[in-house]
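In: Build the 3D model from these lines:
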Amino acid sequence: MNLQRANFQMVGKLVVVTSLMFAFGYALVPLYKAICEMTGLNVLALNEQVVAGVKPVAPVNSQVDTSRTITVEFDANARGPWEFKPATRSLQVHPGELTTVVYEFQNVQNRRMSAQAIPSYAPQQAAAHFNKVECFCFTQYTLEPGEKKSWPVAFVIDPKLSKDVKTITLSYTFFEVGGSAPAAPLASLGSAKLGVGGT
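Out: All right, here's what the predicted structure looks like:
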């Protein structure tokens, strides 16, 4: 008799747990919507707007300082018999804004080569505030004779950069791996304003 009562109690507990789990599953959708709305990750609401034919409004990136504009100049130095240059010489960017530029490279030799780029910045204080999200300088590359490459550099300038800085020069020196790494290109940027930053 005790065994039968214990079985009934166990079945009752399982029914209660199953009912709670079933109810929780139904509550997940409104709970998820509420969390999305609170955190700004309202993916479900955006999808519903698209289905309804309403164009969703993209959230504003509050990290971008639109009150400031900084000129970023791009420079390239080839330490060897190859061609290396930025596709764009300069851009106007806002601090906090994600920006992408492209550098172009061609191995004009009749042999395979391995190479890597070293970045440098001017003025020196800009190095700590120039945050690269993607950069070809993170990796060594092997290029076949005559091979051409286009490499992106995606970066964000920290809004904490001093407001005195109006122009930043990002320079890359491309050198062949296996030889000695060349010194920073002082002549191209001006020794008074150059500071070497990390990758």
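In: Need the nearest residue in space to the residue nearest in space to the middle of the chain, chain neighbours excluded.
Out: Centroid-nearest residue in the chain: V133, 3.1 Å away (criterion: CA atoms, centre = their mean). Computed as CB to CB, 6 or more residues apart in numbering, the closest residue to V133 that is not its neighbour in sequence is A154, at 4.3 Å. Where you see a C-beta, it was placed from the backbone N, CA and C, and this is true even at glycine.
In: so which helix or strand takes in A76?
Out: A76 belongs to strand 70-79 when assigned by DSSP states H and E.
In: List the buried residues in the next helix-or-strand element following that strand.
Out: Helices and strands here follow DSSP H and E; after strand 70-79, the next one along the chain is strand 83-86. The neighbour-count check on strand 83-86 (16 or more other CB atoms under 10 Å) flags 84-86 as buried.
In: cool, and stretch 83-99?
Out: 84-86, 93-97.
In: if we can go back for a sec, now the residue nearest to V133. Its backbone dihedrals?
Out: Note on A154: its backbone torsions stand at phi -110, psi 130 [degrees, to the nearest 10].
In: Phi, psi for I168 please.
Out: Torsion angles, degrees, to the nearest 10, at I168: phi -120, psi 130.
In: My guess is it contacts F155. True?
Out: No. Under the criterion of CB atoms under 8 Å, I168 makes no contact with F155, lying 9.8 Å away.
In: For the chain, which segments are assigned as strands?
Out: 70-79, 83-86, 90-93, 99-106, 113-122, 130-135, 141-143, 148-157, 167-176 (DSSP state E).
In: Could you export these as CSV, including distance to V17?
Out: What follows is the strands of the chain, written out as CSV (distance: least, CB to CB, whole Å):
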stretch, distance to V17
strand 70-79, 60
strand 83-86, 63
strand 90-93, 56
strand 99-106, 52
strand 113-122, 59
strand 130-135, 47
strand 141-143, 58
strand 148-157, 49
strand 167-176, 60
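In: Could you export these as CSV, including mean pLDDT and distance to N2?
Out: Listed next are the strands of the chain as CSV, based on pLDDT from 0 to 100; distance: least, CB to CB, whole Å:
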stretch, mean pLDDT, distance to N2
strand 70-79, 88, 80
strand 83-86, 89, 84
strand 90-93, 93, 78
strand 99-106, 91, 74
strand 113-122, 88, 78
strand 130-135, 89, 67
strand 141-143, 87, 77
strand 148-157, 90, 70
strand 167-176, 89, 80
